[in-house]
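Trainee: Next one to model:
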Amino acid sequence: MHLKTPLFLLFLAAGEAAATTLTATPAKLTQSDREITIRWSDLPDPDGLDHVAIYSPPSSRDRDFLGYIFLNGSASWHSGRGELALPRLPNLRAPYQFRLFRWPAKEYSYHHVDHDGNPLPHGRHRVAVSGDVAFEGSAARPEQVHLAFADSVDEMRVMFVCADAGKRSVRYGLGKEEEQEKGWTEVGTEVRTYEQKHMCDAPANDSVGWRDPGFVFDGLMKGLEPGRRYFYKVGSDLGGWSETYSFISRDNEANETIAFLLGDMGTYVPYNTYIRTQDESLSTVKWILRDIKALGDKPAFISHIGDISYARGYAWVWDHFFSQIEPIAASTPYHVCIGNHEYDWLSQPWKPSWSTYGKDGGGECGIPYSVKFRMPGNSVLPTGNGAPDTRNLYYSFDSGVVHFVYMSTETNFLQGSDQHNFLKTDLGKVNRSRTPFVVFQGHRPMYTSSDETRDYSMRQQMIQNLEPLLVTYNVTLALWGHVHRYERFCPIKNLQCLNTSSSFVYPGAPVHVVIGMGGQDWQPIWQPRTDHPDVPIFPQPGISMYRGGEFGYTKLLATREKLTLIYVGNHDGQVHDMVEIFSEETSADAGGTDAVVGTKLSSGASIKRKISPLYLEIGGSVMFALMLGFAFGFLVRKKRETAQWTPVKNEES
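Mentor: Residues are numbered from 1 along each chain as shown. The predicted structure follows:
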């Protein structure tokens, strides 16, 4: 009896585990499948923390999950059976597998927690395993397609990911129909990747965070006629081709510029994972897609100034990010600059005593950012550990009537540095007769009224080393991220406002705007003011013209006479702030007989200007885009709320 009882109990336990079933359908994901259905049955004594964990590849250890969903998201979970739906997951170049676990409350551990301090599952009590869920057809089919401007005006770069390094091409041409495709041009591609050993720290170089990134292909479409709609596809006959996409080629002789600009957008993932992800990023993509479609055949581009995916060393989040932006980035050039969450790690090459560079990159040290994107120019910084070089640090290009400049706030920008020399030379060569406006962009802000005390010394260094360049070379607009709010400052020179209006002739210094409201939610309060100790919301300082906490993005529209920046809120898709900056030549043309308004200058003088047709066009375009939003907007899927964890907005780093 002493021997039989334990064996009998073990037999019952084995029978109980075998009786519980877990399925995931469809087993083969086609292009038309939009979700995966998880079903379970015969789970005895269900508990509120029973969960399904998500794995890829299926060989992953129980503790190395991608994420998890609680069974109590199903209305019938108390009965021991139920189902949950996951939105289509990105192709990680390996099948998915799902495993059901018990998680007794007595086994919570606050030594193993997620980004918000909630205990993470430990993967000890596995009850059931699903069959694999794979992607139909060739695993070598291209994914994550995105465009970017190249060094020459008549070129467009396209990048994409495949599971192997086999030969891939880009086919492109002016005709969409199949019979016209015979006349398309075909060009080859370069291919790059990186390995686990190249990552600089955990979790990026650990089994829990590392996943094979596949191979990144880079093709260059050349000889493009300006301002024309081109069609293209990428892939190969052997591995499969992507769908056919289209874009409008760049036209630097155009007298109009349109761009969508934002920072700190991040990524939505439909499950709980180790880090906080950004649900609101879906809305940002949705509204930008609306506006792009409303443009028709007008060219535009997108600018994302740092803190791109917020992967923080968890490799598959990058796959989610590129799948998420593909609807906009496969048809509109997508430009980036590096932020602290792409780069910063403890042994980074440049780390002055006054900096706040930490380990925000999760051990990635800029490598995924440098391989998955390729911007114009050739700015390179060795990592110093034998890994691929850090790229896409600083560069510039013209688009219509605007010269755009990008910098890295994470690498040396002091006077005498390679970056400072580039910025000085580049700004000094701008042809103002061709591009009367200059827009400067970087991640960490030079000015903010958010209570970012830890970055105070860095802001002082930026003011000392960079602001003289912006003023000397008449930069029109300086855009920054990092602070997850929108804030527009006056044009500033030597810490003084040159104008406090929202519509004025360029006064000799740039307007600074913080546009880090793309999706990340954590943010300090506004900066306290000692002269208002009892005010619950601290009043704006005199240099701050408008600030708001709505998620969203900005839209830039410029002609030779005027640059307009508008702030669109995600909660309603409408304009919440606008600034108009007229070129210095505008005053010479003012004084017509059409309707006029007075524009107050810093000197107290007033000029008269025409209400340009573009102003009316902007208003009409916005209204038209709003109506189209209902037709072109796509459904934003939200995570299922669970009863266990309440997210806490902790400091990021």
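
Trainee: any low-confidence regions in the protein?
Mentor: Confidence mapping of the chain against pLDDT under 70 gives the ranges 1-18, 138-139, 177-181, 536-537, 586-653.

Trainee: State the distance from residue 73 to residue 502.
Mentor: Distance of residue 73 to residue 502, given as C-beta to C-beta, to the nearest Å: 46 Å. Every C-beta, even on glycine, is put in place using the N, C-alpha and C of the backbone.

Trainee: neighbour count winner among these two?
Mentor: More crowded of residue 73 and residue 502, by other C-beta atoms under 10 Å: residue 73, with 19 against 16.

Trainee: need the helices for the stretch 101-250 of the chain, in chain order.
Mentor: Under the criterion DSSP state H, counting those that start in this stretch, the stretch 101-250 of the chain contains helices at 178-181.

Trainee: do the same with the stretch 501-650 of the chain
Mentor: In the stretch 501-650 of the chain, the segments counted as helices under DSSP H, counting those that start in this stretch are 586-589, 613-632.

Trainee: which parts of the helix or strand where residue 285 lies are buried?
Mentor: Using DSSP states H and E, residue 285 falls within helix 281-295. Within helix 281-295, the residues that count as buried by 16 or more other C-beta atoms under 10 Å are 281-294.

Trainee: now stretch 216-223
Mentor: Quick answer for stretch 216-223 (16+ other C-beta under 10 Å): 216, 217, 218, 219, 220, 221.

Trainee: Wait, the last one touches residue 234, no?
Mentor: No. Using C-beta atoms under 8 Å as the test, residue 221 is too far from residue 234 to be in contact (10.2 Å).

Trainee: re earlier: save the buried residues of stretch 216-223 as JSON lines, and put in distance to residue 333 too.
Mentor: Shown next, in JSON lines, are these (distance: C-beta to C-beta, whole Å):
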{"residue": "216", "distance to residue 333": "17"}
{"residue": "217", "distance to residue 333": "17"}
{"residue": "218", "distance to residue 333": "14"}
{"residue": "219", "distance to residue 333": "14"}
{"residue": "220", "distance to residue 333": "13"}
{"residue": "221", "distance to residue 333": "12"}
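
Trainee: Of those, which pair is most distant in space?
Mentor: Using C-beta to C-beta, the buried residues of stretch 216-223 reach their maximum pairwise distance at 216 and 221, which is 16.9 Å.

Trainee: How many residues are close by residue 451?
Mentor: Neighbourhood size, residue 451 [other C-beta under 10 Å]: 14.

Trainee: I'd say it and residue 525 touch.
Mentor: Yes. With contact defined as C-beta under 8 Å, residue 451 counts as touching residue 525 (5.3 Å).

Trainee: can you pull the contacts of the residue nearest the centre of the chain?
Mentor: Closest residue to the average C-alpha location of the chain: residue 308 at 3.7 Å, with C-alpha atoms, centre = their mean. By C-beta atoms under 8 Å, 6 or more residues apart in numbering, the contact set of residue 308 is 265, 266, 321, 336, 339, 341, 342, 369.

Trainee: can you do 6 Å?
Mentor: 336, 342 (C-beta atoms under 6 Å, 6 or more residues apart in numbering).

Trainee: Residue 394 now?
Mentor: So residue 394 contacts 379, 406, 407, 408, 419, 422 (C-beta under 6 Å, 6+ apart).
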